[in-house]
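**Q** All I have is the shape, not the residue letters:
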């Protein structure tokens, strides 16, 4: 059973804000509960602009990096962009490559193969870069823990500029590279710590273009920066809100062949939201690195013709379908492994599951699915030749990287942040990892922490539910991490009939209130989620949901997307 946390609102605060901004009391209440209680803060939140972007030079080492890059351009040095293989890293690679191309730089790029190279910067490929004549390497979304590669680069005549947003090892500090641009590094006074890796790369690109009087081109990059920011599940507040809002606004006007082809194959229409990025565009980009070669993403965005771009977009679409099939298989295997290992009895606070030959490209997604299902941090490990390659996902009140650091001696390599981590570990140490990380989590998680909570923004009456409400809520977009889609509670609703089962797992049903007003509702994965409830005709229920528009065959209707429900009494 989930905990329902219904937020309380102060009408004495709501009414003045609603009147001053000429918005509805409900929108004012939502703004206040999200921390935008003053007229100035709320107005800025509702209307993000390019002026909301912070000054790039506030990033430590940025100006030093700009000077080094222009020296390389002037001397016609070869510059290698080293990007991570996820959406954040590949989009950041695209952004930085394009900016440097505009400035006349000679660049190449390298995106590691997830399975043959693994995560991060490696010495072998740095050595190959040196042989090819590269004297400057700029990382994107990786490098915060590249201690040995940084030393190797320094000793071998390569200047390494690390751009990243991941946390380094506090005890070791930063890698000893030419420069580190990372808002989360110690000593960096950049005001917004929530930038994605692509956001950090964009800051460098912004400063470079501005230096040469090309700042008019900067806003055009935000379409791609928005994709990487949403895909990496970064907080959509502060600067990120401006990045994603402006990027979304311009996405339908995209001229880049690759972006247009990707939007076409993802069936994105003219009015796009962060949900379109998160559930349509990002999975197709991510599938390249998960299932095959992530460099195809860069090749897609750099396609010279629309026909070539369509070919790459088709490949990504096909890879995504493969990913979906494989993800389902591995998730089922991992859940069974969890149960076979005693489930929550033996793993009270953290699920640690391992299997031989599980596809490494989807273990992170499987970990997310398991975490959603059992509401525990989950570590899913694929074992190959005695080495476990792991991916981990957490819950709200557990800092996953701290958990891994508590048993750091067990890993060959690890890294990440509070919500997600990756690691490698010898097979014989997995049982010890299971024991130690559960011990750590038991000290930091309460029983309440292990019960999922639904934050309910407001209780509303059924009579206020209409299409106009959904239109008003659009003022709060883009929704995502740090700015979730509002959830409401409405009581005294009655099932008109028993729910209709779609695709063996979803529920669709009609509801009515005491006055006879009817509503359509859909509950994704509702068959499994409703097991604790008995849903019969005329059942009186309390419903937690997000209201949405459902357009079909030219008709637009209100649809309530169910988060949870309780049968009254």
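**A** That came through fine. Model, not experiment: these values are computed from the prediction.

**Q** What number of residues are in the vicinity of the nearest residue to residue 513 once chain neighbours are set aside?
**A** Distance criterion C-beta to C-beta, 6 or more residues apart in numbering; nearest residue to residue 513, sequence neighbours excluded, is residue 462 at 3.9 Å. (Glycine included, C-beta is placed from N, CA and C.) Look at residue 462: counted by other C-beta atoms under 10 Å, it has 18 neighbours.

**Q** Residue 392 looks like it's in a helix, true?
**A** No - membership of residue 392 in a helix is not supported by DSSP: H, G, I helix; E, B strand; the rest coil, which gives strand.

**Q** Tell me who's in contact with residue 205.
**A** By C-beta atoms under 8 Å, 6 or more residues apart in numbering, the contact set of residue 205 is 95-96, 98-100, 218, 221.

**Q** Could you confirm it falls within a strand?
**A** No - residue assignment for residue 205, taken from three-state DSSP, gives helix, which places it outside any strand.

**Q** That one and residue 449: what is the separation?
**A** Going from residue 205 to residue 449 by C-beta to C-beta, to the nearest Å gives 40 Å.

**Q** Surely residue 538 and residue 495 touch.
**A** Yes - in terms of C-beta atoms under 8 Å, residue 538 counts as a neighbour of residue 495; the distance is 6.3 Å.

**Q** Settle it for me: which of these two has more neighbours?
**A** Counting neighbours by other C-beta under 10 Å for residue 538 and for residue 495 shows that residue 495 has the greater number, 20 against 10.

**Q** For the spatially most central residue of the chain, which residues are in contact?
**A** The chain has residue 233 as the residue nearest its centroid, 2.0 Å off, counting by C-alpha atoms, centre = their mean. Shown here is residue 233, whose contacts under the criterion C-beta under 8 Å, 6+ apart are 419, 480-481.

**Q** Just put these in JSON lines and tack on neighbour count, secondary structure and distance to residue 30.
**A** Conversion of the contacts of residue 233 to JSON lines gives the following (neighbours: other C-beta atoms under 10 Å; DSSP: H, G, I helix; E, B strand; the rest coil; distance: C-beta to C-beta, whole Å):
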{"residue": "419", "neighbour count": "19", "secondary structure": "coil", "distance to residue 30": "24"}
{"residue": "480", "neighbour count": "23", "secondary structure": "strand", "distance to residue 30": "15"}
{"residue": "481", "neighbour count": "18", "secondary structure": "coil", "distance to residue 30": "17"}
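
**Q** For the stretch 101-250 of the chain, which segments count as strands?
**A** With strands called from DSSP state E, counting those that start in this stretch, the stretch 101-250 of the chain shows them at 106-110, 134-140, 159-163, 179-181.

**Q** For this protein, give me the ranges with low pLDDT.
**A** Applying pLDDT under 70 to the chain picks out residues 569.

**Q** So it: which segments form each domain?
**A** The domain map for the chain lists 3-7+453-567, 56-253, 341-444, with the assignment taken from automatic domain parsing.

**Q** need the ones you listed in CSV with distance to residue 307, can you?
**A** Shown next, in CSV, are the domains of the chain (distance: least, C-beta to C-beta, whole Å):
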stretch, distance to residue 307
domain 3-7+453-567, 31
domain 56-253, 20
domain 341-444, 28
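
**Q** Just the helices from the stretch 401-550 of the chain, written as ranges.
**A** When assigned using DSSP state H, counting those that start in this stretch, the helices of the stretch 401-550 of the chain occupy the ranges 430-444, 467-473, 526-529.

**Q** Could you do the stretch 151-300 of the chain as well?
**A** In chain order, the stretch 151-300 of the chain shows helices spanning 197-211, 222-231, 238-250, 257-265, 274-276, 282-291, 295-301, with DSSP H, counting those that start in this stretch as the criterion.

**Q** Distance to residue 457 added to those, as a markdown table?
**A** What follows is the helices of the stretch 151-300 of the chain, written out as a markdown table (distance: least, C-beta to C-beta, whole Å):
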| stretch | distance to residue 457 |
| --- | --- |
| helix 197-211 | 27 |
| helix 222-231 | 21 |
| helix 238-250 | 18 |
| helix 257-265 | 31 |
| helix 274-276 | 18 |
| helix 282-291 | 25 |
| helix 295-301 | 36 |
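
**Q** just those: most buried one?
**A** Ranked by average neighbour count under the criterion mean count of other C-beta atoms under 10 Å, the helices of the stretch 151-300 of the chain are headed by helix 222-231 at a mean of 28.

**Q** Now do the contacts for residue 168.
**A** Contacts for residue 168 were tallied using C-beta under 8 Å, 6+ apart; they are 144-145, 174-175, 182, 184-186.

**Q** do you know how far it is from residue 417?
**A** Look at residue 168 and residue 417: by C-beta to C-beta, they are 11 Å apart.

**Q** now do residue 564
**A** Counting by C-beta to C-beta - residue 564 and residue 417 are separated by 28 Å.

**Q** out of the two, which sits in the more crowded spot?
**A** Neighbour totals were compared for residue 564 and residue 417, and residue 564 leads with 21 against 15 (other C-beta under 10 Å).

**Q** hmm, back to that, determine which stretch of the domains of the chain is the most buried.
**A** domain 56-253 (a mean of 21).

**Q** first to last residue in that domain, what's the distance?
**A** When the termini of domain 56-253 are compared using C-alpha to C-alpha, to the nearest Å, they are 26 Å apart.

**Q** From residue 473, how far out is residue 457?
**A** 10 Å.

**Q** er, residue 174 actually
**A** 42 Å.

**Q** which outside residues touch the helix or strand harbouring residue 363?
**A** Here residue 363, judged by DSSP states H and E, is contained in helix 363-374. Helix 363-374 is contacted by residues 290, 323, 327, 330-331, 334-335, 338, 344, 351, 353, 358, 376-382, 389-395, 420, 422 when judged by C-beta under 8 Å, 6+ apart.

**Q** Which members of the residues you listed occur in helices, if any?
**A** Cross-referencing these with the helices (criterion: DSSP state H) gives 290, 323, 327, 330-331, 334-335, 338 as the overlap.

**Q** and the residues you listed as JSON lines, adding distance to residue 154?
**A** Listed next are those as JSON lines, based on distance: C-beta to C-beta, whole Å:
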{"residue": "290", "distance to residue 154": "33"}
{"residue": "323", "distance to residue 154": "38"}
{"residue": "327", "distance to residue 154": "40"}
{"residue": "330", "distance to residue 154": "40"}
{"residue": "331", "distance to residue 154": "43"}
{"residue": "334", "distance to residue 154": "41"}
{"residue": "335", "distance to residue 154": "46"}
{"residue": "338", "distance to residue 154": "44"}
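
**Q** Just the buried residues of those.
**A** 290, 323, 327, 330-331, 334-335, 338 (16 or more other C-beta atoms under 10 Å).

**Q** What's the end-to-end length of stretch 123-137?
**A** Start-to-end span of stretch 123-137 (C-alpha to C-alpha) is 12 Å.

**Q** any idea how far residue 191 is from residue 563?
**A** In terms of C-beta to C-beta, residue 563 sits 34 Å off from residue 191.

**Q** Residue 519 too?
**A** The value you get for residue 519 to residue 191, if C-beta to C-beta is used, is 43 Å.

**Q** and if you look at residue 211?
**A** In terms of C-beta to C-beta, residue 211 sits 22 Å off from residue 191.

**Q** Leaving out chain neighbours, which residue sits closest to residue 362?
**A** Skipping the residues right next to it in sequence, residue 362 comes nearest to residue 327 by C-beta to C-beta, 6+ apart, at 4.3 Å.

**Q** contacting residues for the one you found?
**A** With contact set as C-beta under 8 Å, 6+ apart, residue 327 has these partners: 362, 365-366, 369.

**Q** can you rerun that using 10 Å?
**A** If a contact means C-beta atoms under 10 Å, 6 or more residues apart in numbering, then residue 327 has 283, 290, 359, 361-366, 368-369 as its contacts.

**Q** CSV for those, including distance to residue 22?
**A** Written out in CSV, the entries for the contacts of residue 327 read as follows (distance: C-beta to C-beta, whole Å):
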residue, distance to residue 22
283, 39
290, 46
359, 53
361, 49
362, 48
363, 49
364, 44
365, 43
366, 47
368, 40
369, 43
